[in-house]
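A.B. asks: Next input, structure requested:
(2 chains)
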Amino acid sequence: MSATVHIADVVKHYGKVEAVKGVSFDLAEGEMVALIGHNGAGKTTLMKMMLGLIRPTHGQISVLGENPAAGEFSSRRQLGYLPENVAFDAALTGRETQAFYARLKREPVKDSLALLDVVGLGEAAKRRVNTYSKGMRQRLGLAQALIGRPRVLLLDEPTTGLDPELRQTFYDVIQRLAAEGTTVLLSSHALTELEERAGRVIIMNRGLKVADGTLDELRRLARLPTRIRVKVADLPTSGAPAWLPTATSYRRINGHIVEIDAAPDEKIDLLRRATADGNSVQDLELIPPNLDELYAHFLRHAERTQ
Amino acid sequence: MNSLITIAAKEIQQAIRNRWVLAATLLLSGLSLSLTFLGSAPTGTVGARALDVVIVSLSSLTIFLIPLIALLIAHDAIVGDMERGTMLLLLSYPVARWQVLLGKFLGHLAVLAFATCLGYGAAAVALLITGSSFDAEGLAAFAAMIGSSVLLGAVFVAIGYLVSAVVRDRGTAAGLCIGLWLVLVLIYDMALLGVLVLDQGRNISGGVLSALLLLNPADAYRLFNLTGFANVSLFSGMAGLAASSTLSVQALLTALVLWTVVPLAGATLAFSRREL
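C.D. replies: A predicted model of the protein is given here:
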């Protein structure tokens, strides 16, 4: 696995504002990476630097072996980009727009038009772009990003405005590309939908990278409690089940269900107790910390240390 | 080269869709036809030089109208695409920024050239139909008028791009372009005339005057058309100036070409340094 994107100690100032303050990471072939962070955390700035649209104040960037800001753009033929709030020339139709972008990438126009069906634009592709809804514009944006089987895909908030069905198709398409070796970097606010899909998560806060790793790695680092939800037959009207150690925090959900916060090293012990003979636990559910909670945790952590 | 043509073709397609081509062609042909018929009234139907009169009236029309149309098309070209967000996506494609700029320039110039040729060509056709006689010199002067009008359009498209590449928002670009139009087309000549009257020929020599005329593309165009051909300069009342002018046709054309190339180069430089 070789790195397709290499970012080393990159800093970007806009006047006095420091949008990115020293970020480094490598992205490998076939990786699907989620870039998450608040608005203004530096996600879009990072993507624009990878495209060579803006130059870093310090540091080095190489994409597919080229420095994108040096005016070298042959690697851009193998790059797909979907900007946040994508816009098209209103007077052209969807097909004309797609054909225009295919010609610029020197890819066969016919293949690129087939992508319009993949994203479900269908008949609407013959209409002018100014008649499109936000979701349809987003579909066209995806279609142009997929022209020519890119080796690196940069997607800035790709699923905003897409309906759930198309979201599914969208993730299917990019997962297939990732399986064939494409590096996919996507930023999103919809953390729950990234959770099952992204192999790796990079969390940004105020221009700094605060966490980088697979979801499991981040869970280990964060040491957030796993929630154990137990259904108990003879729950006392107040208080916890007798087998629960007194120091453990818990919440009563209703008359039958108790939710226990289990720190990573207590988890197994608590499970043993809950399932021990004589305890009237009828059902049990394990909820590992999700991406939302991890994200909030790392942001809190970053705010404390910054 | 391919990318240039692709971008130019898209600009032309958009201009057709937006009715820019139609509007510019109708405007130019409407005005040139009315000038043709009104313009031949003073000379009467026996006037053998109907074409020369038309050249004088059309080139005066061009000086006002072509720069205005060119600036209207051009002022939005870069800053407008940036504000709409289409430039961001375009520049993520394998095209250099100079290719984007030059491609747009070729597209816009093609639109302008089409409208000019068709609009002014209509005047020539109208004269033919009404039975005016054409001589070779008159035709050459007419062709030179159309060609130089397109060149004047190129000058102002380039100036519009420079404005568009430098300013931050579309409103500023529009305001600045209207200001430039006023200065170059109206105020410059009036000021020059005022200065000449005040000076009474004491300090401003012929050479300085020539330089001052070359400093304004609209004046270079005017001199080229009104003094370039003997018959035309007689009708335009510029015969005196033509005789005293030290400026050759080559110098005037070079000035117009430079007025295109220099702003275009400036626009390319400003655009390539811009971050978005």
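A.B. asks: I'd assumed A:Asp89 was in contact with B:Leu89.
C.D. replies: No - the pair B:Leu89 / A:Asp89 is not scored as a contact, 10.1 Å apart, by C-beta atoms under 8 Å. Backbone N, C-alpha and C define where each C-beta goes, glycine included.
A.B. asks: Now do the helix or strand harbouring A:Phe100: which elements does it pack against?
C.D. replies: Following DSSP states H and E, one finds A:Phe100 within helix A:94-104. Other helices and strands packing on helix A:94-104, by 3 or more C-beta pairs under 8 Å, 6 or more residues apart in numbering or on different chains; DSSP states H and E, are helix A:109-118, helix A:134-145, helix B:2-17.
A.B. asks: Could you figure out how far it is turned away from helix A:109-118?
C.D. replies: Going by axes from the mean of the first three to the mean of the last three C-alpha atoms, to 10 degrees, helix A:94-104 is angled at 130 degrees with respect to helix A:109-118.
A.B. asks: how big is the angle separating helix A:94-104 from helix A:134-145?
C.D. replies: Going by the same axes, to 10 degrees, helix A:94-104 makes 20 degrees with helix A:134-145.
A.B. asks: Can you give the distance of helix A:94-104 from its chain's centre?
C.D. replies: The gap between where helix A:94-104 is centred and where its chain is centred comes out at 28 Å by C-alpha atoms, centre = their mean, to the nearest Å.
A.B. asks: all helices of the chain, in order?
C.D. replies: Going with chain A. Listed in chain order, the helices of chain A (DSSP state H) span A:43-51, A:94-104, A:109-118, A:134-145, A:164-179, A:191-195, A:215-222, A:267-275, A:291-305.
A.B. asks: oops, chain B please
C.D. replies: Counting by DSSP H, the helices of chain B are B:2-17, B:20-39, B:50-74, B:79-84, B:86-91, B:97-129, B:136-166, B:170-181, B:188-199, B:206-214, B:217-227, B:230-236, B:239-244, B:249-273.
A.B. asks: closest one to chain A among the ones you listed?
C.D. replies: Ranking the helices of chain B by proximity to chain A (C-beta to the nearest C-beta) places helix B:2-17 first, at 3.8 Å.
A.B. asks: Quick check: residues of chain B near chain A?
C.D. replies: B:2-3, B:6-7, B:10, B:13-14, B:17-18, B:84-86, B:88-96, B:275-276 (C-beta under 8 Å from any C-beta of the partner chain).
A.B. asks: at 6 Å what do you get?
C.D. replies: B:3, B:6, B:10, B:14, B:17-18, B:84-86, B:88-89, B:91-95, B:275-276 (C-beta under 6 Å from any C-beta of the partner chain).
A.B. asks: Buried among these? Make that a ChimeraX selection.
C.D. replies: Filtering those down to the buried ones (16 or more other C-beta atoms under 10 Å in any protein chain shown) takes a single ChimeraX command:
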select /B:3,6,10,14,17,85,86,88,89,91,92,93,94,95
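A.B. asks: Tell me who's in contact with the closest residue to chain A within the stretch 51-200 of chain B.
C.D. replies: Here the stretch 51-200 of chain B gets closest to chain A at one residue, B:Gly85, 3.5 Å apart by C-beta to the nearest C-beta. By C-beta atoms under 6 Å, 6 or more residues apart in numbering or on different chains, the residues touching B:Gly85 are A:Ala87.
A.B. asks: rerun at 8 Å
C.D. replies: Residues near B:Gly85 by C-beta atoms under 8 Å, 6 or more residues apart in numbering or on different chains: A:83, A:85-87.
A.B. asks: Which of these ranks first by neighbour count?
C.D. replies: Within those, most neighbours by other C-beta atoms under 10 Å in any protein chain shown means A:Val86, with 24 neighbours.
A.B. asks: Quick one: residues contacting that residue.
C.D. replies: A:137-138, A:140-141, B:85, B:89.
A.B. asks: What pLDDT is listed against it?
C.D. replies: The score at A:Val86 is 91. That number is its pLDDT.
A.B. asks: Backbone dihedrals for it, please?
C.D. replies: phi -70, psi 140 (degrees, to the nearest 10).
A.B. asks: thinking again about what came up before, what lies in contact with the helix holding A:Phe100?
C.D. replies: So helix A:94-104 is contacted by A:88-89, A:92, A:108-109, A:111-113, A:115-116, A:121, A:124-127, A:129, A:132, A:136, A:140, A:143-144, A:147-148, B:2-3, B:6-7, B:10, B:13, B:90, B:93-95 (C-beta under 8 Å, 6+ apart).
A.B. asks: got the contact list for stretch B:170-179?
C.D. replies: B:71-72, B:74-76, B:79-80, B:83, B:159-160, B:163-164, B:167.
A.B. asks: Going by mean pLDDT, which of the helices of chain B comes out lowest?
C.D. replies: When I compare the helices of chain B, helix B:239-244 is least confident, with a mean of 56.
A.B. asks: Relative to B:Asp135, tell me which of the helices of chain A wins on proximity.
C.D. replies: Taking C-beta to C-beta as the criterion, B:Asp135 comes closest to helix A:94-104 out of those, the separation being 47.0 Å.
A.B. asks: what pLDDT, on average, does the closest one get?
C.D. replies: Per-residue scores along helix A:94-104 average to 95.
A.B. asks: Can you tell me who the residue of the stretch 151-300 of chain A found nearest chain B pairs with across the strands?
C.D. replies: Distances between the stretch 151-300 of chain A and chain B by C-beta to the nearest C-beta are smallest at A:Leu154, namely 8.2 Å. Beta-bridge partners for A:Leu154, by DSSP bridges, are A:Tyr81, A:Leu185.
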